[in-house]
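Novice: I need the structure of the sequence given here:
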Amino acid sequence: MVLILHLSVVFRAAAEFSGKMTQAAEQLSLFAYSRAYEDSNQLLRGALSDAWVYSQVIPKITDKEAIQHPSFLLSSFLKEDSRISLVLTYQIKAPVSVIRLPWKVFVQKITIRGFTGRKSISGGESGEDSGKETREVYVTDSGTVYHTDADCSHLKLTVAQITRPQLKTVRNYKGSIYKSCRYCGSKNPGSSTVLVNPYGDAWHTSSSCPGLKRSIRTVHAEDVHDLRECLDCAKRRIAT
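Specialist: The predicted structure is shown next:
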């Protein structure tokens with residue numbers, strides 16, 4: 001019961017952190033413009049720091065008492081190809097202090113391109129297409145939808161280890177049970193633990209299972225006519 005309670009706190013914290021970090025990353029992508037063009041507004045330029053990100057994420061988490069040692073020190077700002085990478089490391093306090101839990105340190109990462117006014121590499125500037133804007137979307141090798149938001153939770157991979165009996169009670173973010181993975185579900189039948197992704201729908205027995213990997217590609221929107229848009233991405237796009 002303690003493990004189940006702890007796992008629910010882990011999933012809830014991961015989902016909250018993902019949402020708050022995404023919002024902070026989107027704001028930082030706009031602040032990047034002031035850094036790129038030497039804006040005199042030091043307040044905006046100073047926002048590109050782990051301290052600012054901490055202030056925008058940690059105080060807004062519901063279970064602040066359960067979160068220990070949160071840090072954004074591994075984050076980077078406009079270091080590689082104008083990208084902003086928010087990396088959060090933290091621990092979650094056990095519900096009962098005398099019980100040792102298997103999870104030590106959790107890591108979550110959000111990466112977004114800084115809005116510096118630079119044109120897309122794929123955008124042409126000559127010929128009949130020079131005045132057209134090419135919209136890019138994100139797809140995975142095994143996905144059935146395309147994503148318009150690079151930070152969509154379905155493109156991220158958060159894995160937790162649970163016991164097989166817990167499969168009867170643990171649910172994913174939609175409230176659905178986990179089913180056996182078609183790749184590795186029948187392997188290692190003697191294993192007492194399995195791996196699950198809060199945003200997935202299958203449990204796995206191998207960390208190297210292809211079902212636990214995300215191969216993300218950027219393609220032109222007109223090339224994915226056979227796929228439908230991710231529901232979560234569509235909701236966010238409409239909201240903005």
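Novice: Distance of the residue most central in space within the chain relative to residue 223?
Specialist: Taking Cα atoms, centre = their mean, the centroid of the chain lies closest to residue 156, which sits 4.0 Å from it. Between residue 156 and residue 223 the computed distance is 23 Å (Cβ to Cβ, to the nearest Å). C-beta here means a position set from N, CA and C on the backbone, and glycine is covered the same way.
Novice: and if you look at residue 111?
Specialist: Residue 111 sits 23 Å away from residue 223 when distances are taken as Cβ to Cβ.
Novice: Going by how many neighbours each has, rank those two and give me the top one.
Specialist: Shown here are residue 111 and residue 223; by other Cβ atoms under 10 Å, residue 111 has more neighbours (15 against 12).
Novice: tell me which element that one falls in.
Specialist: strand 106-113 (DSSP states H and E).
Novice: Any idea how far that strand is from the middle of the chain?
Specialist: Counting by Cα atoms, centre = their mean, to the nearest Å, strand 106-113 is centred 6 Å from the centre of its parent chain.
Novice: Give the rounded mean pLDDT of stretch 218-236.
Specialist: Across stretch 218-236, the average pLDDT comes to 81.
Novice: which parts of it are buried?
Specialist: Going by neighbour count (16 or more other Cβ atoms under 10 Å), the buried part of stretch 218-236 is 224, 230, 232, 233, 236.
Novice: With stretch 63-80 instead?
Specialist: Result for stretch 63-80 [16+ other Cβ under 10 Å]: buried residues 66, 67, 70, 72, 75, 77, 78.
Novice: for the spatially closest residue to the fourth one that is not a sequence neighbour, what are its contacts?
Specialist: Pointing back at residue 72 there. Leaving aside its chain neighbours, residue 72 sits nearest to residue 50 (3.8 Å; criterion: Cβ to Cβ, 6 or more residues apart in numbering). Residue 50 sits next to 71, 72, 73, 75 when contact means Cβ atoms under 8 Å, 6 or more residues apart in numbering.
Novice: same thing but 6 Å
Specialist: Contacts were defined as Cβ atoms under 6 Å, 6 or more residues apart in numbering; by that measure residue 50 touches 72, 73, 75.
Novice: Quick check: which element contains the closest residue to residue 207 other than its chain neighbours?
Specialist: Leaving aside its chain neighbours, residue 207 sits nearest to residue 195 (6.3 Å; criterion: Cβ to Cβ, 6+ apart). Remark: residue 195 resides in strand 193-196, with elements defined by DSSP H and E.
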